[in-house]
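> build the 3D model from these lines:
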Amino acid sequence: MEELFRKHNQIRHKFRLFGGLSLIFGITATALFYKAGIGLNSFLFTVTMILILVIASKNLKILITPGTSLCFLGAVLLALSNALTSSWKLQFLNSVGTLLLLEVSLIRLFWAEKVKSLTDYLYNMFMLPIKTLSSVGMLFADTNRFVKEKKLIKNERLRNILTGCVIAIPILIIIITLLSGADMVFGRITRAMFEWFLYRDFYIILLLIILGTLLCYSLFCGASRESTITTHNKEKANPTIGITISTLLLIVYILFCTIQILYLFTGGLFTLPKEFTYSEYARQGFFELLAVTCLNIILILICVNVFAANKWLDAILTAITAGTYIMIASAGYRMLLYIEAYHLTFLRLFVLLFLLIDALLLIGIIISIYHKQFPLFGYSVIVISLCYMTFSFSKPDYYIAKYLISHKEEITNEDITFLTEELSYDAAPVVIPFLNEQYVNSTNSGFETYYERVADRAAKKDIRDYNYSYEKAYELIR
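You can find the predicted model right below:
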């Protein structure tokens, strides 16, 4: 904890460096994303964040381990995928994945010696945003101290007035918003003032830069703050309790798995019980599996951290984990039936991806039962990252369109709407040749709208939000 406290003090006392890095973060974020879509800017922004972390680490003499470097690489690849796809679903998931990997990187940099187990990582991932939020005031305090020490503003009264104005801005915004709702006349006046103010790009850009700077500096301070968790060598509880709990759960799992084998798998290929529809069966199987998997992970973590090691407990946990594979097979089988009847969608492919990840994670869970030092969290990060990045770079919308066109004898208007409106332009290499071949003389407004959207996007393109998927679609319709 003393080492972490020292790093925290270094960050705050080296305000010129860390405040400058935070300002670069704010300027870069604003320049790349203000009035721009998602594309190449996502990649450039992620690279900038990683460079800032590398500079900060070297200054604080923090070793960047191979595991941290892999997190950096994964974040860069996910950000790069944003420039290659036009699917907003993938771009959202890519962005979330990038932020999570960067959060893990921060934890590994500042808490490498303290964070070992899966529960430690999950706890710190939960606490980091809270510690960041509680560190918001440090930027203002350190800025005031820096200005005072360097005598940038010699008049102390003026310096205090400026500090008070900056701190009062968010409070004033909240108060004015509430009062505007309380009085119609006051609301109209303030609304007119805010509209005039907000429509001036300079003020918006300045506000975004300040917010970006505040976020970055708060992250530095929050990540280096001492955690409230304390480690004690407590004596673990008697494993009989864990054996009792897991045995009762195992009985339920055995019953469930027996029903799956006798009722589902022996019914013949692509055959369902009459009282279920395809959608009900697939949806039910997926959510059951998700709940059971979460329960299994929680159960194993509790048993490992609370109860003393016991061979019978390990055997029962192994049986529970093995039974989950039958549930995975059941859910996967149901989803294949559903796809056979209703064809592919993004969500159905994503469910299959989840099932694959789930099956791979269970391997790590089984290993961790018998080898307590197995890095389960690191294994989970690698499995999830590799599987999802493969999914993201494959551009699933392309295969969804290809599957639909090749598996339907007659393409209906509803299918055309799905191809041209619900799928992203990742599917354009399949959709545009199909439309040109089948409907070359058609005056269908839907086709024209599809082409016009591509052309309109190409006309408004910016180097910041350059996107290969849009560029490819535009080349095809030209």
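> just give me how far the longest helix along the chain sits from the chain centre.
Ordering each helix of the chain by length in residues (DSSP state H) puts helix 311-342 first. In terms of Cα atoms, centre = their mean, to the nearest Å, the centre of helix 311-342 is set 26 Å apart from its chain centre.
> same question for it, mean pLDDT?
Here helix 311-342 scores 82 as its mean pLDDT.
> what residues of it count as buried?
For helix 311-342, a neighbour-count test (16 or more other Cβ atoms under 10 Å) marks 313-314, 316-317, 319-321, 323-324, 326-335, 337-339 as buried. Backbone N, C-alpha and C define where each C-beta goes, glycine included.
> which helices and strands does it pack with?
helix 239-259, helix 278-306, helix 346-370 (3 or more Cβ pairs under 8 Å, 6 or more residues apart in numbering; DSSP states H and E).
> between helix 346-370 and it, find me the angle.
Helix 311-342 runs at 170 degrees relative to helix 346-370, counting by axes from the mean of the first three to the mean of the last three Cα atoms, to 10 degrees.
> now the angle from helix 311-342 to helix 239-259?
30 degrees.
> the residue lying closest to residue 119 once chain neighbours are set aside: neighbour count?
Ranked by Cβ to Cβ, 6 or more residues apart in numbering and with sequence neighbours excluded, the top spatial neighbour of residue 119 is residue 301, at 5.8 Å. Each residue near residue 301 was counted by other Cβ atoms under 10 Å, and the total is 17.
> re earlier: nearest to residue 120, of the helices and strands packed on helix 311-342?
helix 278-306 (10.2 Å; Cβ to Cβ).
> shouldn't residue 379 be in contact with residue 364?
Yes: here residue 379 reaches residue 364: they are 4.3 Å apart, a contact under Cβ atoms under 8 Å.
> need phi/psi at the closest residue to residue 367 other than its chain neighbours.
Nearest residue to residue 367 in three dimensions, chain neighbours excluded: residue 374, at 5.0 Å (Cβ to Cβ, 6+ apart). Taking degrees, to the nearest 10, you get phi -60, psi 130 for the backbone angles of residue 374.
> list the contacts of residue 374.
364, 367, 368 (Cβ atoms under 8 Å, 6 or more residues apart in numbering).
> now with 10 Å?
Contacts for residue 374 were tallied using Cβ atoms under 10 Å, 6 or more residues apart in numbering; they are 118, 364, 365, 366, 367, 368.
> need the pLDDT of the first one.
In the predicted model, residue 118 carries a pLDDT score of 80.
> can you pull the contacts of it?
So residue 118 contacts 297, 300-301, 304-305, 364-365, 368, 374-380 (Cβ under 10 Å, 6+ apart).
> write the PyMOL selection for whichever of these are buried.
Restricted to buried positions by 16+ other Cβ under 10 Å, the PyMOL selection for these reads:
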select buried, resi 297+300+301+304+364+365+368+374+375+376+377+378+379+380
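> for the contacts of residue 118, which one is nearest residue 38?
Using Cβ to Cβ, the contacts of residue 118 come closest to residue 38 at residue 380, 26.8 Å.
> shouldn't the closest one be in contact with residue 364?
Yes: using Cβ atoms under 10 Å, residue 380 makes contact with residue 364 at a distance of 6.4 Å.
> of all the contacts of residue 374, which two lie farthest apart?
Once Cβ to Cβ is applied, the contacts of residue 374 give 118 and 366 as the farthest pair, at 14.2 Å.
> all helices for the stretch 51-200 of the chain, in order.
66-84, 88-111, 118-133, 137-150, 156-182, 184-198 (DSSP state H, counting those that start in this stretch).
> phi, psi for residue 237 please.
Here residue 237 shows phi and psi, under degrees, to the nearest 10, equal to phi -70, psi 160.
> next, count neighbours for it.
Close neighbours of residue 237, defined as other Cβ under 10 Å, add up to 14.
> quick one: it from residue 369, how far?
17 Å (Cβ to Cβ, to the nearest Å).
> quick one: least confident of the contacts of residue 374?
residue 118 (80).
> any idea how far that one is from residue 328?
Taken as Cβ to Cβ, the span from residue 118 to residue 328 is 20 Å.
> repeat for residue 128
32 Å.
> mind listing what the residue positioned nearest the centre of the chain touches?
Central residue of the chain (Cα atoms, centre = their mean): residue 96, 2.1 Å from the mean position. Residues near residue 96 by Cβ under 10 Å, 6+ apart: residue 78.
> do you know the pLDDT at it?
95.
> circling back to that earlier point, measure the residue nearest to residue 119 to residue 59 for me?
In terms of Cβ to Cβ, residue 301 sits 36 Å off from residue 59.
> so, low pLDDT: which residues of the stretch 301-450 of the chain?
439-446 (pLDDT under 70).
> now do stretch 111-131: distance to the chain's middle.
For stretch 111-131, the distance to the chain centre is 17 Å (Cα atoms, centre = their mean).
> what comes up buried for it?
Across stretch 111-131, burial judged by 16+ other Cβ under 10 Å covers 111, 114-115, 117-121, 123-125, 127-128, 131.
> now those residues in JSON lines, with distance to residue 208?
Compiled in JSON lines, the buried residues of stretch 111-131 are given as follows (distance: Cβ to Cβ, whole Å):
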{"residue": "111", "distance to residue 208": "30"}
{"residue": "114", "distance to residue 208": "35"}
{"residue": "115", "distance to residue 208": "33"}
{"residue": "117", "distance to residue 208": "39"}
{"residue": "118", "distance to residue 208": "36"}
{"residue": "119", "distance to residue 208": "37"}
{"residue": "120", "distance to residue 208": "35"}
{"residue": "121", "distance to residue 208": "31"}
{"residue": "123", "distance to residue 208": "32"}
{"residue": "124", "distance to residue 208": "29"}
{"residue": "125", "distance to residue 208": "26"}
{"residue": "127", "distance to residue 208": "27"}
{"residue": "128", "distance to residue 208": "23"}
{"residue": "131", "distance to residue 208": "23"}
